[in-house]
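Novice: pasting the sequence and the predicted coordinates here, then a few questions.
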Amino acid sequence: PWGWITASLDITDQTFVDNYTLDAAIFVRFLRAMMYFFVTASLISGLILLPIYATGPNKDLPESDSRSVSVVGTLSILNLEPNSSRFYATWVVDTILVVVMLMFV
């Protein structure tokens, strides 16, 4: 069921122009670029940010504490202490990621 992905990645732009229209070729080229773009951004986020979030100190707090986070909150910036070095490190990575993404768009 997933064979269409490799087939669509292997086809060349010239094949699209010859068999279809130039609009289709440009659209597929745009989709490929966005796929590479978001896969790269997801890998950066997953490999750098999620481990920092998951090992934050707020996940071990009792539920009665106002800083306690839920299961979903352990994988977000909510799990970090404000004004900690880990908080600012994730902010720097997020900022760099957004700036690089905007440069390519």
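Specialist: Cool, got the structure.
Novice: can we go C-alpha only for contacts and neighbour counts from here?
Specialist: Fine.
Novice: number of residues surrounding Leu50?
Specialist: The number of residues packed near Leu50 is 16, by other CA atoms under 10 Å.
Novice: test my guess that it contacts Ile77.
Specialist: No: look at Leu50 against Ile77 with CA atoms under 8 Å: they stay out of range, at 9.1 Å.
Novice: centre-most residue in the protein?
Specialist: The chain has Ser42 as the residue nearest its centroid, 2.7 Å off, counting by CA atoms, centre = their mean.
Novice: so that residue is in which element?
Specialist: helix 22-44 (DSSP states H and E).
Novice: kindly export the helix or strand following that helix (C-alpha atoms) in CSV.
Specialist: Downstream of helix 22-44, the next assigned helix or strand under DSSP H and E is helix 50-54. Provided in CSV are the C-alpha atoms of helix 50-54 (Å, rounded to 0.1, in the frame of the first residue of the first chain):
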residue,chain,number,x,y,z
LEU,A,50,11.9,15.8,22.9
PRO,A,51,14.7,14.2,25.1
ILE,A,52,15.2,17.6,26.8
TYR,A,53,11.5,17.9,27.5
ALA,A,54,11.0,14.3,28.6
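Novice: which outside residues touch helix 50-54?
Specialist: 74-77, 79-80, 86, 90 (CA atoms under 8 Å, 6 or more residues apart in numbering).
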